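**Q** Provide a 3D model corresponding to the input given below.
(2 chains)
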Amino acid sequence: MDVSFADAFRAEYAALHRYLRRRVGATLADELASETFTIALRRWGTFDQARPLQPWLYGIASNLMRHHWRSERRQLLAYARTGVDPVTEDLEDALDRVDAGTQRRELAAALAELRDQDRDLLLLRAWAGLSDAEVADVLSLPIGTVKSRLHRTRTQLGNRLTAGGQTPVRARAVDERKAMR
Amino acid sequence: MSDHELQLQEYRAEVPLAGDDEVERALRRTLAGGRLEAPSPRWSFRRPRVAIAISAAALVLGTGAIAAVAEGPWWQSGAPPVDPQAVVSVARDNMPASVRVADARTVATDGDAALVAVPLDTSGYCLIPALDGRAVFGSSCIYEVRDPASGDADTMETASRPAVDGDAARWIAYGRITDPRAASIDLGAYTVHLVTGGFFLTEIPSDLAQKLGGTANRGSILDSSGHVLRSGCVNWGDPPGTPAGSAHADTTLWIDQPAGACKPQLLPPEPTLELSQAKQLFDVTLTQPYSIWQPGQQIAFEQVPASDGRTCVIATGPGLTPSGENHCGVQAGGPWPSGLPINTETGTQLAHLDGKPVYVFDVSGTVDPRANIARLTLTAGSATAQVSYADGFFFAQLPATTPGPLSGAIPLPAGPWILTGYDSADHEVTHIDLNAQQQAREPH
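**A** Have a look, this model is predicted:
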């Protein structure tokens, strides 16, 4: 297999850019995605094409993203405080987000409270759609460590949201159906 | 999947995927070296941002010899830029906010070409290559140098400028090798020596240009004893004067490819515009400077099909004859990945009115035909700005502002400026707070 850089770029850019944009907003995502692929281009000749492409690219992006953890945290906290999410404010379906506003703000606060490394791991799994093994590859961690940290982080997130008074979505839906009878 | 995980999946799920057009632009930018803002030829519709707009202002750089300093960070040596304010302006618009402009230095020179470097945070750096005392090639930044010997934080680029107004075509290679052991680069055709900090700048000899253009060959980074530290592929890119190098062109000079795999990585060809099928959208009498034009001049916006199937909008006016090689500028007619009825873009330009520097702003964009918007207004309190609008494209100019202290993005004039779309029955369809939108897009 000899995939050209341009083909790899076309296949992966949009998803990687969206992942970064969900994390730090459009402006920074443009820069980080650009920097990721610039580094990838420089190292393209030495990239073993037998390896899967995604973990390699997300690994580069994750290394760059580390320098913006503080900015990410700040944006999450800003949303939790003000209800205005700097990452999505310029997008449509604002009404939907107003409906889900309280839950989202609690989730943002909970994400901000996670350790940066744990948030990174969690979002690579949840937003980039990588498998545990791929996340392990991205972060150069043993897969067992990834699994245990994911479990711990999910538990922490769940506890934080429940402690914040948030009723799980399914439970609330059941309650609402009961109330309608 | 638990409820909380489901919530997490849905959080910010409305963030859209980049469209094909955006991906192609990003690919082009990456192959051009990943610069934050690629310069455009001056006749393109989408004007260069401030960094390029000020290129007419002299970025006169010290051309004295670089002082040799055995120890200490690179910014402790080298001549400061003669016009630091010009560097400040480039940094303000095209670099991360954490650049330390006070430590900007002219780190390398070759004839009248110069390379200015600006430290970024604790170990990162930005580069501004300049020709004829002007920053005609924009800038690029590396956020952090973590493992200098790996080459991950190196910058190695070529940049070319076509012959313009009697000035000869130019082609330079520049950058930085962060490995402190590195002393020179064997480019195959010739060797360049690194100066303090690992920077280099070389004008590619005109007699080699045609031979090297579009080719790639093996190269090496050498230490002071001539031992090879790293080998790779020297990718020369398009020289000025060729179709792909007919406008400003920039290429990644170095690719870490093993022996036998060294292949040229060239910019995809720009689509050409079918000017014979151009359709005029509207005329505008300018109230502020815009691109190469001055207040009071009349310009026109035209919709033109491009060879790649897109429909583009370009600006034409006095002293400018559009050619098929114009940049596409704004793509008209969607697609509409954001789902918004109006897609806006604000442009900022540093200009001079009555001898005083001012920032001038324009707002342009496209309107989704499904939104049935018949007219647009742009207001701030009792102030209004004329919005020209036809066939889904609009253009307006905002009042000028006086440059003030630096703090991230150049703010739009005080408003809020509200762009409102109305349907044919004059009912409001949507409105956008442009000042708030700028804040959201460029939070600082």
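
**Q** Can you give the domain ranges for chain B?
**A** B:47-256, B:270-325, B:335-444 (automatic domain parsing).

**Q** which SS state does residue B:188 fall under?
**A** coil (DSSP: H, G, I helix; E, B strand; the rest coil).

**Q** what helix or strand is the residue nearest the centre of chain A on?
**A** Closest to where the C-alpha atoms of chain A average out (C-alpha atoms, centre = their mean) is residue A:123, at 3.2 Å. In the assignment (DSSP states H and E), residue A:123 maps to helix A:116-126.

**Q** Over to residue B:217?
**A** Going by DSSP H and E, residue B:217 is part of strand B:216-223.

**Q** Kindly report the same for residue B:299.
**A** Residue B:299 belongs to strand B:298-305, assigned by DSSP H and E.

**Q** Likewise for residue B:312?
**A** With DSSP H and E as the test, residue B:312 turns up in strand B:311-316.

**Q** Next, the closest residue to residue B:255 other than its chain neighbours: secondary structure please.
**A** Nearest non-adjacent residue to residue B:255, counting by C-beta to C-beta, 6 or more residues apart in numbering or on different chains: residue B:233, 4.5 Å away. Quick note: C-beta positions are derived from backbone N, CA and C, even for glycine. Classification of residue B:233 by three-state DSSP places it in strand.

**Q** follow-up on the earlier one: quick check: nearest residue in space to the residue nearest to the centre of chain A, chain neighbours excluded?
**A** Per C-beta to C-beta, 6+ apart, closest to residue A:123 is residue A:23, 6.3 Å.

**Q** in the stretch 251-400 of chain B, what spans have low per-residue confidence?
**A** B:258-259, B:266-271, B:321-339, B:350 (pLDDT under 70).

**Q** gap between whichever residue of it sits closest to chain A and residue A:44?
**A** When distances are taken as C-beta to the nearest C-beta, the stretch 251-400 of chain B reaches nearest to chain A at residue B:257, 2.4 Å away. Distance, residue B:257 to residue A:44, using C-beta to C-beta, to the nearest Å: 7 Å.

**Q** again, but for residue B:236
**A** Counting by C-beta to C-beta, the gap from residue B:236 to residue A:44 is 17 Å.

**Q** go on, residue A:162?
**A** In terms of C-beta to C-beta, residue A:162 sits 46 Å off from residue A:44.

**Q** Look at these two and report which has more neighbours.
**A** For residue A:162 versus residue A:44, neighbours defined as other C-beta atoms under 10 Å in any protein chain shown are more numerous around residue A:44 (23 against 14).

**Q** For that one, which non-adjacent residue is closest in space?
**A** residue A:5 (4.9 Å).

**Q** Just want the residue of chain A that's nearest chain B.
**A** For chain A, C-beta to the nearest C-beta, closest residue to chain B: residue A:45, 2.4 Å.

**Q** now the closest residue in space to that residue that isn't next to it in sequence, what's its secondary structure?
**A** Spatial nearest neighbour of residue A:45, excluding adjacent residues (C-beta to C-beta, 6+ apart): residue B:257 at 2.4 Å. Following three-state DSSP, we place residue B:257 in the coil state.

**Q** got the contact list for residue B:257?
**A** By C-beta atoms under 8 Å, 6 or more residues apart in numbering or on different chains, the contact set of residue B:257 is A:44, A:45, A:46, B:232, B:233, B:263.

**Q** at 10 Å what do you get?
**A** A:42-47, B:216, B:218, B:231-235, B:263, B:265 (C-beta atoms under 10 Å, 6 or more residues apart in numbering or on different chains).

**Q** and if you look at residue B:173?
**A** By C-beta under 10 Å, 6+ apart, the neighbours of residue B:173 are B:110, B:129, B:156-160, B:185, B:187, B:192, B:200-204, B:212, B:234, B:236-237, B:251, B:253-254.

**Q** Would you mind grabbing the residues shared as contacts by residue B:257 and residue A:44?
**A** What both residue B:257 and residue A:44 touch, as defined by C-beta under 10 Å, 6+ apart, is the set B:233, B:263, B:265.

**Q** Can you report how many residues neighbour residue 102?
**A** Went with chain A since none was named. Neighbours of residue A:102 using other C-beta under 10 Å come to 13.

**Q** actually chain B
**A** Residue B:102: 12 neighbours (other C-beta under 10 Å).
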